[in-house]
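Chemist: what's the 3D shape of this:
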Amino acid sequence: MTRPALRLAGYQPETSVHSRALHHVAALAAEARFGGFAPQVVVDVTARGHRAGELFAMVEDGRLDGCYVASSYLLASVPSLAVFDLPFVATDRGRDYAKLDGAFGIRLAADIAARTPFRALGYWDNGFRHVSNRLKPIRTPDDCRGMTIRTLDNTLHQDVFAALGFTPVFVDVRDLAEAVAAHRVDAQENPLTNFVNFGLFSTHRHVSLTAHFFGIALFLVNGRWFSALPDELRTGLLGAVVEATARQRELAAGEDARCLDILEREGVAVVGADDIDWAAFRAAVAGVVEHEVARLGGAG
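Modeler: Numbering: from 1, shown residues only. Next up, the predicted model:
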């Protein structure tokens, strides 16, 4: 009997937490207890010339069956995802995991299914996002003024960074390393694991542990493809993703310490949480947050 194909892809290097988790999904899904799929994994579509944002079209048109993607990329289609993009709110991974694994996560998955061609099978840890730059230490919003910062293609993110004094510039992750190395942007924001894995510290010698967002990566599959699977295969794939999600979160939780050790060895200047003016940062974005919370109706 021919095993059903399972074509998966992502947009990060082989060593990243997400890539390792993607391989874990594939390995589990290949087991008989999870349906016995025949997985095919493209770890980094950007290495093949694609933009990360193209993953949506590739899953929708059937070139892929599934992928992971930062929730922020889907905000325009699913406004409720903005709860993950409110700055300086999330401080506790465990609390957010509990919400995502409960009724809130179920409602969010239903919203994604209703508004897009995708089904969300898992919520991955995309890390606390911090700011790096090539010019100077950042401790207050005043330090941000006059800097261009690379952002995701996300209006709310751009509003937040503009409120902090930056000039936001969208750059796809495919072009991020080049944009940083060529000084097309002065600053960027990412989890430390991306800062290290993409080699950005070679140019950006200043990092501030702002933890301004706690990112979520959605594990998405083509909705029609998923619905057409026999019941046992749908159940099996969901079980594989649930198990891989637990492993992904374990890996993600240990990344900051590992990356900070690397940055210390590389001589990167790190501004710690105790040296950041949190009150000034929160005050700077208060208007953006109030507007977004009102738009969401207090959800989250």
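Chemist: From residue 78, how far off is residue 216?
Modeler: When Cβ to Cβ, to the nearest Å is the yardstick, residue 216 and residue 78 sit 12 Å from each other. For every residue, glycine as well, the C-beta is placed using N, CA and C.
Chemist: With residue 100 instead?
Modeler: 14 Å.
Chemist: Kindly report the same for residue 158.
Modeler: Remark: distance between residue 158 and residue 78 (Cβ to Cβ) = 18 Å.
Chemist: between residue 216 and residue 78, who's got more neighbours?
Modeler: Neighbour tally, residue 216 and residue 78, criterion other Cβ atoms under 10 Å: the higher count belongs to residue 216, 23 against 19.
Chemist: Show me what whichever strand or helix holds that one packs onto, helices and strands only.
Modeler: Assigned by DSSP states H and E, residue 216 falls within strand 206-222. Judged by 3 or more Cβ pairs under 8 Å, 6 or more residues apart in numbering; DSSP states H and E, strand 206-222 is in contact with helix 55-60, strand 66-70, helix 93-100, strand 118-133, strand 187-191, helix 231-253, strand 269-271.
Chemist: of all the ones you listed, which lies closest to residue 204?
Modeler: strand 118-133 (4.0 Å; Cβ to Cβ).
Chemist: what's the following helix or strand after that closest one?
Modeler: Past strand 118-133, heading to the C-terminal end, the next element that is a helix or strand (DSSP H and E) is strand 148-151.
Chemist: Straight-line length of stretch 85-100, end to end?
Modeler: End-to-end distance of stretch 85-100: 15 Å, with Cα to Cα, to the nearest Å as the criterion.
Chemist: Let me know the angle separating the host helix or strand of residue 40 from strand 66-70.
Modeler: Counting by DSSP H and E, the element that carries residue 40 is strand 38-42. Strand 38-42 and strand 66-70 are oriented at 40 degrees to each other (axes from the mean of the first three to the mean of the last three Cα atoms, to 10 degrees).
Chemist: ok, residues contacting strand 38-42?
Modeler: When contacts are taken as Cβ atoms under 8 Å, 6 or more residues apart in numbering, the neighbours of strand 38-42 outside the stretch itself are 2-10, 22-23, 25-27, 29-30, 48, 64.
Chemist: Could you give the separation of that strand from the chain centroid?
Modeler: Mean-position distance between strand 38-42 and its chain equals 21 Å (Cα atoms, centre = their mean, to the nearest Å).
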